[in-house]
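# take this sequence and fold it.
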Amino acid sequence: MMSEGLVKRNVTAPKKNNDNTEEKIPEEVSDGELDHNNGKGDKALKLSLMEEILLLGLKDREGYTSFWNDCISSGLRGCVMIELALRKRIDLEGTGMRKKSLLARKVIVKDDTPTGDAILDEALKHIKDTNPPENIVSWIEYFSGETWNPLKLRYQLRNVRERLAKNMVEKGVLTTEKQDFLLFQMTTHPLQNQHMKGRLIKRIQESVLTRWTNDVHRMDKKVLSLIILSHASDVLENAFAPLSDTDYELAMKRVRILLELNYDQEAEKKSGQTNDVMWAVFEAFNK
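As a prediction, the model looks like this:
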């Protein structure tokens with residue numbers, strides 16, 4: 001479950017920006033709110049964390065992710081765990097007298113009310129029905145189908161990318177096409193709502209440039225998760241490619257700061273069930 005490390009800059013954009021620290025940014029949704037997709041043209045369209053990660057990874061015209069990306073599958077499963085925590089459905093057990101580490105603590109269900117999202121509800125049911133409970137690393141592996149235990153293969157969340165893409169087709173973000181690839185035909189989902197993806201990329205860029213804060217606990221939890229899981233899914237480069245070299249270097253420096261945090265220590269600074277699950281997922285991809 002280890003990340004591949006920071007991607008070396010391989011795109012140089014001629015675009016030049018003014019001093020980002022002085023640039024005036026339009027007012028957006030305040031930190032702590034789950035809806036970061038408000039926009040007059042998008043009618044407050046909401047995307048889940050999983051959908052945002054997939055949207056970053058999809059090629060705009062081709063409508064599919066890179067064939068060489070073998071990280072996005074597990075990254076999306078990490079998103080599932082964080083989404084369930086953000087919706088207050090799951091928690092980590094207490095640390096106990098011995099102060100267990102994040103990855104040693106088991107995942108428990110605190111509310112089994114359906115979320116209305118088929119993928120999240122499928123995952124929630126698996127977690128609820130499993131006894132004894134499992135930790136974060138195990139669940140990401142089970143949901144990805146990356147386990148040697150044949151008894152756990154039933155927990156695999158299948159066709160996640162296709163299901164997420166269909167959700168975004170229904171929301172008007174993507175469209176559906178059929179493309180021929182030599183001996184087989186594949187369903188693809190080219191980008192339809194360029195504005196939505198542009199807002200997503202802008203939000204990621206601003207979070208590590210003009211809206212950067214040295215206190216990670218002041219960052220919105222979903223935005224922080226978006227950055228860390230984008231890196232784990234090997235799609236963060238897609239958000240930074242349009243930046244000038246100077247901004248790119250600064251953005252990657254700040255991402256590196258987030259990746260090098262001691263997540264167990266950060267979890268202790270501000271207690272809260274949602275935070276604990278989030279920090280545990282981060283640790284799972286950086287251990």
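# surely Lys99 is within a strand?
No: counting by DSSP: H, G, I helix; E, B strand; the rest coil, Lys99 falls outside a strand, being coil.
# so it versus Asp264, what's the distance?
Relative to Asp264, Lys99 is positioned 9 Å away (CB to CB, to the nearest Å). For every residue, glycine as well, the C-beta is placed using N, CA and C.
# now swap in Asn131 and tell me
Asn131 is 26 Å from Asp264, where distance means CB to CB.
# and those two? which has more neighbours close in?
Asp264 (17 against 6; other CB atoms under 10 Å).
# hmm, Trp279 and the more buried one touching each other?
Yes: Asp264 is within contact range of Trp279, at 7.4 Å (criterion: CB atoms under 8 Å).
# overlap in contacts, those two.
Residues touching both Asp264 and Trp279 by CB atoms under 8 Å, 6 or more residues apart in numbering: Leu102.
# pLDDT at the residue nearest to Tyr155 when sequence neighbours are not counted, what is it?
Once flanking residues are discounted, Tyr155 sits nearest to Tyr142: 3.9 Å by CB to CB, 6 or more residues apart in numbering. Here the pLDDT value assigned to Tyr142 is 97.
# Leu47 too?
If you check Leu47, the pLDDT there is 96.
# quick one: contacts for it?
Counting by CB under 8 Å, 6+ apart, Leu47 makes contact with 37, 55, 168, 171, 173, 196, 200.
# can you give me the neighbour number for the fifth one?
Each residue near Val173 was counted by other CB under 10 Å, and the total is 25.
# quick one, what contacts it?
45, 47, 51, 55, 191-193, 196-197.
# so, low pLDDT: which residues of the stretch 1-150 of the chain?
Scanning the stretch 1-150 of the chain for pLDDT under 70 picks out 1-44.
# which residue ranges of it form helices?
For the stretch 1-150 of the chain, the helices defined by DSSP state H, counting those that start in this stretch cover 49-57, 72-86, 118-129, 136-144.
# looking at those helices, which is nearest to Ser66?
With CB to CB, the closest approach to Ser66 among the helices of the stretch 1-150 of the chain belongs to helix 49-57: 7.3 Å.
# other residues contacting the closest one?
Residues from elsewhere that reach helix 49-57, judged by CB under 8 Å, 6+ apart: 47, 65-66, 69, 72, 75-76, 79-80, 82-83, 86, 119, 160-161, 164-165, 167-168, 173-174, 191, 196-197, 200-201, 222, 225-226, 229-230, 233-236, 238-239.
# cool, and stretch 277-285?
Here stretch 277-285 has contacts from 1-3, 74-75, 78, 81-82, 84-86, 90-92, 101-103, 105, 107, 135-137, 140, 221, 224-225, 228-229, 232, 261, 263-264, 266-267, using CB under 8 Å, 6+ apart.
# one more time with 7 Å, if that's ok
Applying CB atoms under 7 Å, 6 or more residues apart in numbering, the external contacts of stretch 277-285 come out as 1, 3, 78, 81-82, 85, 90-92, 102-103, 136-137, 140, 221, 225, 228, 232, 263, 266-267.
# list the buried residues for it?
Buried positions in stretch 277-285, judged by neighbour count with 16 or more other CB atoms under 10 Å: 277-285.
# same question for stretch 200-209.
Buried, per 16+ other CB under 10 Å, within stretch 200-209: 200-201, 203-209.
# and which of the residues you listed is nearest to Val255?
Nearest to Val255 among these: Val208, at 6.1 Å, using CB to CB.
# and the end-to-end length of stretch 210-220?
Start-to-end span of stretch 210-220 (CA to CA, to the nearest Å) is 14 Å.
# could I get the average pLDDT for it?
Averaged across stretch 210-220, the pLDDT comes to 94.
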